[in-house]
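K.L.:
kindly generate the corresponding structure for this input.
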Amino acid sequence: MTDEWGNALADAIRVLTEAARLRRPVLRQAEDGEWKPDPLRTEPADWAEFVTLAVAGAAANVGSIDRALEGRPGSWEAEAVRSLLLSTVGEDQAELLRHRTEPIRVVLRPAEILADLGYADLYDESRQILQAEQDRHLWRYRLGEDRGWTPLDPGAPAWADAFDIPASEGEFDDTLLRPGAVMTVPRSAEDEAAGQVLADREAALEDLQYEDDPRAYGEALTAAVLAEAAQRYPGVPVEITIDTDERTSRDDSPYWGATPDEVLTDVAVGKTPLPWSGIAPTDYPPGSVADTERAAGRLPHLRLDRVVGDAITAKEASDEQA
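P.N.:
Next up is the predicted model:
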């Protein structure tokens, strides 16, 4: 038994004890025929009703009877509480929501949902494409046992000549590097400028994956959740929190069961168009979302600004003629 459990149990016992001591006026019929509270007589309040309503409210606040009992669902205590609650809210639990005293709290994790849809692989593919383009503008050299640098690319100049480039940073101290280390050098001043543009695009891709897409998608999901809640749970307040962090594993999976927050999340994910395609997951053809996007040529880096610079265009034209 944890301190948190013990403190909560002590609070519950205190409240239930207070309720067990409550008294209510005894009604009596007045001369005019109306029933009014007797000013001198009281009787014990309906403690069983109090307990039943309190337990129903707690189960409604956590989302469902199953969620409330998931700690030990097969115990005799759980079966007794389940029977009590089903007698109160019906076998289909249709009346459970009206006992709720808290807003429906929905935590939307758009970055995680996008990853679950398989789009994380596409970000990685775009990143690899940009990195491969950057490599085309670099000469690679490996440090040998003799402390000499050996070119790794066909046509690469000698190490000393490679550093004889006006836009390069010049010589550097390589005494701390171990043999086998690989160093890259821009092939020309134009290549250096082109490489910087590509590096900026890679940084923009990072922002797209971890900031821009999750933010835009989270806003769209929020609107879908609110619209669905208005239809399914009219009159019940809804609080939405956007968590843009991506997690690889969690105990509180947003798709665990059928609590109101989970239902709203599940439906919203299916109905909300994705920010890069404008297509909702439920409208995609059979197969994975990522496969469809890949086949359609909608890789994330293609959504970035295509201002690569005249240096890259000139370099590619030169490579084609060579």
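K.L.:
what's the domain layout of this structure?
P.N.:
Per automatic domain parsing, the structural domains of the chain span 3-102, 110-137+189-321, 139-186.
K.L.:
please produce JSON lines containing these, extended by mean pLDDT and mean neighbour count.
P.N.:
Yep, even glycine has a C-beta here, placed from its N, CA and C like the rest. Below are the domains of the chain laid out as JSON lines (pLDDT from 0 to 100; neighbours: other Cβ atoms under 10 Å):
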{"stretch": "domain 3-102", "mean pLDDT": "92", "mean neighbour count": "13"}
{"stretch": "domain 110-137+189-321", "mean pLDDT": "84", "mean neighbour count": "16"}
{"stretch": "domain 139-186", "mean pLDDT": "79", "mean neighbour count": "13"}
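K.L.:
SS state for residue 33?
P.N.:
Under DSSP: H, G, I helix; E, B strand; the rest coil, residue 33 falls in the coil class.
K.L.:
need phi/psi at it.
P.N.:
Backbone torsions of residue 33, given as degrees, to the nearest 10, read phi 90, psi -10.
K.L.:
state the distance from residue 45 to residue 39.
P.N.:
Going from residue 45 to residue 39 by Cβ to Cβ, to the nearest Å gives 17 Å.
K.L.:
again but with residue 13, I slipped
P.N.:
According to Cβ to Cβ, residue 13 stands 32 Å off from residue 39.
K.L.:
same check, this time on residue 269
P.N.:
59 Å.
K.L.:
same deal with residue 51?
P.N.:
Taking Cβ to Cβ as the criterion, residue 51 is separated from residue 39 by 29 Å.
K.L.:
try residue 277
P.N.:
72 Å.
K.L.:
and residue 4, by the same measure?
P.N.:
For residue 4, the distance to residue 39 (Cβ to Cβ) stands at 45 Å.
K.L.:
do the same with residue 176
P.N.:
94 Å.
K.L.:
same deal with residue 219?
P.N.:
Using Cβ to Cβ, residue 219 is found at 59 Å from residue 39.
K.L.:
with residue 6 instead?
P.N.:
When residue 6 is compared with residue 39 (using Cβ to Cβ), they lie 42 Å apart.
K.L.:
next one: residue 198
P.N.:
For residue 198, the distance to residue 39 - Cβ to Cβ - is 87 Å.
K.L.:
now swap in residue 135 and tell me
P.N.:
If you measure residue 135 against residue 39 using Cβ to Cβ, the figure is 92 Å.
K.L.:
please apply the same query to residue 137.
P.N.:
94 Å.
K.L.:
with residue 33 instead?
P.N.:
For residue 33, the distance to residue 39 equals 18 Å [Cβ to Cβ].
K.L.:
next: residue 94.
P.N.:
The gap separating residue 94 from residue 39 is 41 Å, by Cβ to Cβ.
K.L.:
what's the answer for residue 244, then?
P.N.:
Per Cβ to Cβ, residue 244 is found 61 Å from residue 39.
K.L.:
and residue 156, by the same measure?
P.N.:
Residue 156 is 103 Å from residue 39, by Cβ to Cβ.
K.L.:
do residue 178 as well
P.N.:
Using Cβ to Cβ, one gets 95 Å for the distance from residue 178 to residue 39.
K.L.:
ditto for residue 162
P.N.:
103 Å.
K.L.:
again with residue 177
P.N.:
From residue 177 over to residue 39 the distance is 95 Å, taken as Cβ to Cβ.
K.L.:
now do the helices in the stretch 1-150 of the chain.
P.N.:
3-20, 47-62, 65-69, 76-89, 110-116, 119-135 (DSSP state H, counting those that start in this stretch).
K.L.:
make TSV out of those helices and add distance to residue 238.
P.N.:
Formatted as TSV, the helices of the stretch 1-150 of the chain follow (distance: least, Cβ to Cβ, whole Å):
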stretch	distance to residue 238
helix 3-20	26
helix 47-62	14
helix 65-69	18
helix 76-89	21
helix 110-116	17
helix 119-135	27
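K.L.:
wait, which of the ones you listed is closest to residue 300?
P.N.:
With Cβ to Cβ as the criterion, residue 300 lies closest to helix 119-135 of the helices of the stretch 1-150 of the chain, at 4.5 Å.
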